[in-house]
Each structure stands twice: as structure tokens, then as C-alpha cells.
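In: sharing a model that was predicted from the sequence below.
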Amino acid sequence: MNLVILEGIVEIFLDTADIGAIERYKDFIDGVTTNPTILSKQENEDVQKIALEISKLINGPISVEVISSDFDDMVKEGESLAKIHPNICVKLPCTFDGLKACKNLSNKGIATNLTLCFSVPQAIMAAKCGATYVSPFVGRVDDIGQDGINLISDIVEVYNVHGFETRVLSASIRNINHFIQAAIAGTDAITIPENVLQQFFIHPLTDIGLKKFMSDWNKSKRK
Ligand code: G3P
């Protein structure tokens, strides 16, 4: 069995390890991303167990990050994570060792997600090393006074111009506008925290409109 990727339409991932949140939104999401910060907030810190539990809820990519920082240990850790489930994407940082480990694991057919990407050269290296996904961090680029969405557009354009197959996974999404702009920029996938996803289901005009429809219907003689 291979990693399940939804090609052709934007994949929406939930950026969480909270099983309750994944359960709540499982009908609307195509996968899950985690990172060591997210996992450190879980009461159960057994990463293998959490990943396995997620894999029972979602039939799509589940990114789990290595915590080693040197090549040999990253490869060992990545191989062990990949054994948890065929949908595991081994998350590696865009460092020298992380990119080397990406190449090694990709050559073994293991899916990867190159995280902490902040530049086009890092994204090109990730693609040349065979990454399945690259994760540029929109919000954190904005945090330093630059434009995170520009980074997404630039990477999407460079990948298109050169025919790279690595999928652009917009991360560090802090609000609905980030989501909209990343989708317009042509991102292949986008990971969002629960507090942003929950806003997709709320619009005051939907509520007002629905109330009026119901009240008009109830006032009519066709009840
Ligand atoms: O997927 C990476 C993301 O979780 C980082 O988000 O808000 O900590 O920059 P943030």
C-alpha cells in the first residue's frame, strides 16, 4: 500500500495531534500534520501510538517529524516512523543533514515532508532531494516583516517552470486570509490549525439567511 495523495485539488490537512479535533473534522480533512511542539502538548507523548491512532481516523498523509539533528540518526528515525503506517510522511527540517536524509529516505520509497522552509533555494533543494512535500511557513515569514504568501507564489512558480513534482504544503497558517491567499497562489496542500478550520463553517450571513428561510417557511400556509 502506498501513501494516499489527493492529486489535482488542494489537500487540506489539520495541524494537530489532538485526536478529538481530528475525530471532529475527519469528514473535511485529507490528512494531518504534527510537529514536536504540537506533540509535546499531548498528554500521551508516545508518538508511535498517536500516529497509529490518527491513521485509524484518516486515510491520507500523516506528517511526523524526526527529532534527531544528524544525518545517520534522522535516517534511522525516519525508517522507524515510516514503519508505523504507509501514510506516514517523515518530516525533516530543511537543513544540510535534513536534506541529505530526505534524499536517502526518498530513494528508499519513504514519503517525506521538508519542514521549516523559508526560501526558494531551500524549496529547490527539497525537490531535488525527492521530497514528497515541502512546507513553507507563511505566518513565520510574516512575523519577520516579509510576505509569506509571496514565498508560496514563488515556490509554486519555480516548481511549475522546472516541472518539479514535490507538492507545496503551505504551513504556519494563522488566519482565513492566509488560507485563501495560499489557495489562490496554487498551493497543492495546506495545513491549518483547528481554530482556523472551525471558522470555515461559520458565516453571519449564512445564519441570518437560514433564519429568514425558516421563518418564512414557518409563516407560510404550506406547513
Ligand atoms: O505546520 C507548521 C506550523 O504548525 C507552524 O505554525 O503558527 O507555529 O508558525 P506556527
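Out: Cool, got the structure.

In: list the buried residues in the helix or strand encompassing T37.
Out: Assessed by DSSP states H and E, T37 sits inside helix 36-40. Neighbour-count burial for helix 36-40 flags I38, L39 (criterion: 16 or more other C-beta atoms under 10 Å). Quick note: C-beta positions are derived from backbone N, CA and C, even for glycine.

In: which residues are in contact with it?
Out: For helix 36-40, contacts defined as C-beta atoms under 8 Å, 6 or more residues apart in numbering pick out D15, T16, A17, E45, V47, I50, E65, I67.

In: out of these, which touch the ligand?
Out: Near the ligand, judged by C-beta under 6 Å from any ligand atom, the entries from these are D15.

In: quick one, which of the contacts of helix 36-40 are buried?
Out: For those, a burial check counting by 16+ other C-beta under 10 Å picks out D15, T16, A17, V47, I50, E65.

In: let me have the residues you listed in CSV, extended by secondary structure, pLDDT and distance to D207.
Out: Shown next, in CSV, are the buried ones among the contacts of helix 36-40 (DSSP: H, G, I helix; E, B strand; the rest coil; pLDDT from 0 to 100; distance: C-beta to C-beta, whole Å):
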residue, secondary structure, pLDDT, distance to D207
D15, strand, 98, 27
T16, coil, 97, 26
A17, coil, 96, 31
V47, helix, 93, 40
I50, helix, 95, 35
E65, strand, 97, 39
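
In: of all the residues you listed, which comes closest to the ligand?
Out: When those are compared for distance to the ligand (C-beta to the nearest ligand atom), D15 wins out at 4.6 Å.

In: OK, contacts around that closest one?
Out: D15 is in contact with V32, T33, T34, I38, A171, I173, T191, I192, P193, counting by C-beta under 8 Å, 6+ apart.

In: is the residue lying closest to V10 once chain neighbours are set aside in a helix, a strand, or coil?
Out: With sequence-adjacent residues excluded and distances taken as C-beta to C-beta, 6 or more residues apart in numbering, V10 is closest to A183, at 5.7 Å. Using DSSP: H, G, I helix; E, B strand; the rest coil, the structure places A183 in helix.

In: who does the residue nearest to the spatial centre of the chain bridge with?
Out: In the chain, the centroid-proximal residue (C-alpha atoms, centre = their mean) is T191; its distance is 3.5 Å. Beta-bridge pairing of T191 under DSSP bridges involves F13.

In: ok, it to I208 distance?
Out: 31 Å (C-beta to C-beta, to the nearest Å).
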